[in-house]
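Undergrad: I would like the atomic coordinates for the input below:
(one chain, ligands or ions: 1)
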Amino acid sequence: MTISQNLQRIQQRVHNACQRARRDPAHVRLVAVSKTKPAAMIEAALQAGQTLFGESYAQEFSSKFDELSDKVEWHFIGALQSNKVKYLRGKVQLIHSVDRLSLAREIDRQWGKIDRVADILLQLNLGGEASKAGADEEELETLLRQVAELPNLRVRGLMALPPYLEDPEQVRPYFRRLRELATLLRERKIPNVALRELSMGMSHDFEVAIEEGATLIRVGSAIFGERY
Ligand SMILES: *Cc1c(COP(=O)(O)O)cnc(C)c1O
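TA: Purely as a prediction, here's the structure:
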């Protein structure tokens, strides 16, 4: 299978999942997760019409950005240390992985330097897994209210990386929970917050995520092959 064929198959599956859920496929964007894969593979995906890519490591992102910058819309999806934020400044259009106030403050500060506003998602740790990043459900509203006060940030939605479970149906409750939380928080009408985006679903469970309302799916290995 070529990258182009993989993309076509995934688009077809996205389309089918949208039909099942009676959703408009235009409201589900595919983030092609290219971490650890060479720029040549991104080029191949670009040739096939894919223009949105997700990266997880700040330095790796920087070098790919220098090679491909103008043609690509970049999202940052990985765990992020505050001292790496400067490598992303002004170069990524959405950061999916904001899970603490100190990180949000640093993004705000860096984007402020270039007089721009950063779009971000708040990442949740829905499974309560010690090994995973993400804010706890109980601290989400407080975090959201604090982040909403930062002038150079705009909260666009929520992101989750649920536990890996063999059967995607078992992940469904986590996806559903993320959607419910977004609905609850929308009702709070916090100024400067528009929780339209739900970033959830990966190679093995994106169809279930779409059925539960995902607007951004992050798919890596199903496009580019396994990572080693
Ligand atoms: C690597 C990664 C993905 C993609 O995972 P696949 O299983 O390869 O589709 C999605 N989201 C995050 C946060 C990742 O780090």
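Undergrad: got the residues of this protein near the ligand?
TA: Within the chain, the positions adjacent to the ligand are 33, 35, 56, 77-78, 161, 202-203, 218-222 by C-beta under 6 Å from any ligand atom. Quick note: C-beta positions are derived from backbone N, CA and C, even for glycine.
Undergrad: PyMOL command for the buried members of these?
TA: The buried residues among the residues of the chain next to the ligand can be selected in PyMOL (16 or more other C-beta atoms under 10 Å) with this line:
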select buried, resi 33+35+56+77+78+161+202+203+218+219+220+222
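Undergrad: Let me have the residues of the chain next to the ligand in a markdown table, extended by pLDDT and secondary structure.
TA: Converted to a markdown table, the residues of the chain next to the ligand look like this (pLDDT from 0 to 100; DSSP: H, G, I helix; E, B strand; the rest coil):
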| residue | pLDDT | secondary structure |
| --- | --- | --- |
| Val33 | 98 | strand |
| Lys35 | 97 | coil |
| Ser56 | 97 | coil |
| Ile77 | 98 | coil |
| Gly78 | 97 | coil |
| Leu161 | 92 | coil |
| Met202 | 97 | coil |
| Ser203 | 97 | coil |
| Arg218 | 98 | strand |
| Val219 | 98 | strand |
| Gly220 | 98 | coil |
| Ser221 | 97 | helix |
| Ala222 | 98 | helix |
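Undergrad: Turn the residues of the chain next to the ligand into a markdown table, columns for distance to Phe175.
TA: Converted to a markdown table, these look like this (distance: C-beta to C-beta, whole Å):
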| residue | distance to Phe175 |
| --- | --- |
| Val33 | 18 |
| Lys35 | 22 |
| Ser56 | 21 |
| Ile77 | 16 |
| Gly78 | 20 |
| Leu161 | 11 |
| Met202 | 11 |
| Ser203 | 15 |
| Arg218 | 13 |
| Val219 | 15 |
| Gly220 | 18 |
| Ser221 | 19 |
| Ala222 | 17 |
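Undergrad: and the residues of the chain next to the ligand, which two are the farthest apart?
TA: Spatially, the most separated pair among the residues of the chain next to the ligand is Gly78 and Ala222, at 18.2 Å (C-beta to C-beta).
Undergrad: Which parts of this protein are helices?
TA: Using DSSP state H, the helices of the chain run over residues 3-20, 39-47, 58-68, 101-113, 140-148, 172-186, 206-211, 221-224.
Undergrad: Determine which stretch of the ones you listed is the most buried.
TA: Comparing the helices of the chain by mean neighbour count (mean count of other C-beta atoms under 10 Å), helix 206-211 ranks first with a mean of 24.
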